[in-house]
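Asks: Quick one: sequence plus predicted model below, questions after.
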Amino acid sequence: MKFLLMMPLLVMNLACTEQELPEVTVQSEEIIETSQVNNDSEASDNNSDDEDDHSTPPPPAQVQPNVLRAAAMLSSSSESLQLGEKKVITISLMTDAEFEPGPLNVSLNRDSIESMDPGTYIQTTLSQEVVNLDSSDSRDITLEFDIKTMAPSFDENELKIIIEKDGLSKEYPVMLEVKPEVEVAIISAQNTPYMYNRGMATCFRAHSEGLQVIFSNKTNDFQSGDEPCIHTGGVLRHCDTGNRMSQNETYIVGRPGDPRKVMPSSGLVNAIFYDHFNNQDSIGRRLFFNVTPGDETNMTSNGVACE
């Protein structure tokens, strides 16, 4: 009887155990798994935030400037020359430590004066057009201006000196002026006839503002009292015989306040010149004015054509 009474209690306990334990066990596992997933997700999110907040982007690629590692320095960047004058300037070429050894090309851009003269009467000559240079090197070359007496005159015009290597270049301007004036100078009087800086015949084209002729004594060969005085005439004015030219003194054709110039309206004319006080110097040197370019070879003095 006692055993039969205990049976319902045992059954009830078993029933409770079968119903409650699985529920508790399942809930606990789900909570733990869910917690781990959430923690992992939060950790992942936190790590992602940390990387976004603290990471340093890579620097942009540095592009090295593609420039010529050479330069030029000019002894003069502006020249004013007379007709019949020559002048030389120095071009100093320099390279830096990053210059790749090899040839540096040097050239001239004459576009600004090309329309006035293609190079016949205004000549510009480089002593070298290709210069071999090393890194951190330097070399000097020259540029010569040779202004013929038949050259046109003009105010400042720009020439460009260009240095170039491997398609990279730099330009350096030189301003050039050609004045409408010419100096006729005695450069030696040790023998007669004297030596002048002009030949037997010298030609000039017409200049719109007139051409100024300047006579000068560039030598100390004359004894005191025997200094020269230039004899001339026609479109030029004879010197004042009471005023001889000492060394380096000039006689501008004309008088103070009245500088006589040879104007285009004078037409094709010529004038002789020599030392008024020395007949042995009077050998017929002549200046020809308002000559058409190209016709200078037709102008002669004592059988000698214009220079």
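Replies: Now that the structure is in, tell me what you want to look at.
Asks: Buried residues in stretch 258-272, which are they?
Replies: By 16 or more other CB atoms under 10 Å, the buried positions in stretch 258-272 come out as 261, 262, 263, 270, 271, 272. To be clear about C-beta, it is placed using only N, CA and C from the backbone, and glycine gets the same treatment.
Asks: isn't residue 299 right up against residue 287?
Replies: No: if you go by CB atoms under 8 Å, residue 299 and residue 287 don't touch, sitting 9.9 Å apart.
Asks: of the two, who's got more company?
Replies: residue 287 (27 against 18; other CB atoms under 10 Å).
Asks: and after the worst-scoring helix or strand of the chain on mean pLDDT, which helix or strand comes next?
Replies: When each helix and strand of the chain is scored by mean pLDDT, DSSP states H and E, helix 2-54 comes last, with a mean of 46. Downstream of helix 2-54, the first helix or strand assigned by DSSP states H and E is strand 70-74.
Asks: for this structure, which strand is longest?
Replies: With secondary structure taken from DSSP state E, the chain has its longest strand at strand 168-188.
Asks: got the buried residues for that one?
Replies: Going by neighbour count (16+ other CB under 10 Å), the buried part of strand 168-188 is 174, 176, 178, 179, 180, 181, 182, 183, 184, 185, 186.
Asks: Hmm, the fourth one is touching residue 79, no?
Replies: Same thing as residue 179. No: under the criterion of CB under 8 Å, residue 179 is not in contact with residue 79, lying 10.8 Å apart.
Asks: shared neighbours, these two?
Replies: Applying CB atoms under 8 Å, 6 or more residues apart in numbering, one finds that no residue jointly contacts residue 179 and residue 79.
Asks: does residue 126 really touch residue 145, like I thought?
Replies: No: taking contacts as CB under 8 Å, residue 126 lies outside contact range of residue 145: 11.3 Å.
Asks: out of those two, which sits in the busier spot?
Replies: residue 145 (19 against 16).
Asks: Which residues are in contact with the more buried one?
Replies: By CB under 8 Å, 6+ apart, the neighbours of residue 145 are 79, 81, 85, 86, 87, 88, 89, 122, 123, 124, 176.
Asks: residues touching the residue nearest to residue 268 when sequence neighbours are not counted, list them.
Replies: The shortest distance from residue 268 to any non-neighbouring residue, by CB to CB, 6 or more residues apart in numbering, is to residue 290 (5.2 Å). Contact partners of residue 290, counting by CB under 8 Å, 6+ apart, are 204, 205, 206, 262, 264, 266, 267, 268, 269.
Asks: Next, format those as TSV and append distance to residue 170 and secondary structure.
Replies: Shown next, in TSV, are the contacts of residue 290 (distance: CB to CB, whole Å; DSSP: H, G, I helix; E, B strand; the rest coil):
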residue	distance to residue 170	secondary structure
204	38	coil
205	36	coil
206	39	coil
262	43	strand
264	42	helix
266	47	helix
267	48	coil
268	46	coil
269	48	strand
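Asks: Now do residue 278, the pLDDT please.
Replies: pLDDT for residue 278: 96.
Asks: From residue 92, how far off is the residue nearest the centre of the chain?
Replies: What sits nearest the mean C-alpha location of the chain, by CA atoms, centre = their mean, is residue 172, with 1.0 Å. Distance of residue 172 to residue 92, computed by CB to CB, to the nearest Å: 11 Å.
Asks: which residues do those two both contact?
Replies: Residues touching both residue 172 and residue 92 (CB under 8 Å, 6+ apart) are 72, 74.
Asks: Show the pLDDT at the residue nearest to residue 268.
Replies: On the pLDDT scale, residue 290 is placed at 98.
Asks: could you list every residue that touches the closest residue to residue 198 other than its chain neighbours?
Replies: Closest residue to residue 198 apart from its sequence neighbours, by CB to CB, 6+ apart: residue 184 at 5.4 Å. With contacts defined as CB under 8 Å, 6+ apart, residue 184 is in contact with 196, 197, 198, 202, 213, 214, 215, 216, 230, 273, 287.
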